[in-house]
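>>> Just the structure for this:
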Amino acid sequence: MEFAERLRDNLRRADDLVPPMREQADSLEAFTNLLIRYIRLRYLIDDTSFWTDDLRELSRFSMEHQRAAAGNGEGTLQDTSLNCAGATSAETKQILLLMKLRKDLGITLSPDYLGTARSVKDVAQKAFSQLSSETA
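Numbers count the residues shown, from 1 in each chain. Alright, predicted model coming up:
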C-alpha cells in the first residue's frame, strides 16, 4: 500500500472510532483503549509495537516513523518548525492531534492544556469525564 493510500485509510479508520468513543465507551478503560487506537491510527504508528503514554514521545516517534515510511531519506526527522511561538514540530503535532480530538468528540480542552498535556492517560480522563457528564 502506498503511503498516501495508507494515510487516507488510517484517517478513515480513526474517524470510524469517534462514534464508539462518544457513545459506547461505558468505562474509562474502554474509552482509553479506543483513544489509543485512534492515536495510533492518526499518528500512523499502528504498524509498530511502539507505545508510550508520553504524548511528546509519541509525536516524535510518529514523525520519524512517517518519514521512514514515506521514503524521504534518513529515519531521523529534523525539527524544521519555524513558528513564532518557538514550538517544536513534536509539540505542534501534539497540539493538532488534541485539537482534532476536541473537535471530533465535542469536548472542551483549553488552549493552554493542548500545549501542556503530557500523557494519554490524562487526556483520556479529561475527555471521558466530559463525555460521561453529558450522558448523565
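
>>> in the helix or strand of the chain with the lowest mean pLDDT, what's buried?
Least confident helix or strand, the chain: helix 55-70 with a mean of 90, by mean pLDDT, DSSP states H and E. Using 16 or more other Cβ atoms under 10 Å as the test for burial, helix 55-70 gives 55-56, 58-67, 69. Every C-beta, even on glycine, is put in place using the N, C-alpha and C of the backbone.

>>> Quick check: which helices or strands does that helix pack against?
helix 3-19, helix 89-105, helix 120-135 (3 or more Cβ pairs under 8 Å, 6 or more residues apart in numbering; DSSP states H and E).

>>> what about this protein, any weak spots by pLDDT?
1, 72-86, 135-136 (pLDDT under 70).

>>> For S129, which residues are in contact?
By Cβ atoms under 8 Å, 6 or more residues apart in numbering, the contact set of S129 is empty.

>>> cool, and R13?
R13 is in contact with L41, counting by Cβ under 8 Å, 6+ apart.

>>> switch the cut-off to 10 Å
Counting by Cβ atoms under 10 Å, 6 or more residues apart in numbering, R13 touches R37, Y38, R40, L41, R42, D46.

>>> Provide the count of other residues in contact range of the last one.
Residues within reach of D46, counting by other Cβ atoms under 10 Å, total 14.

>>> Over to the third one?
For R40, the number of neighbouring residues by other Cβ under 10 Å comes to 20.

>>> what about it, distance to S62?
9 Å (Cβ to Cβ, to the nearest Å).
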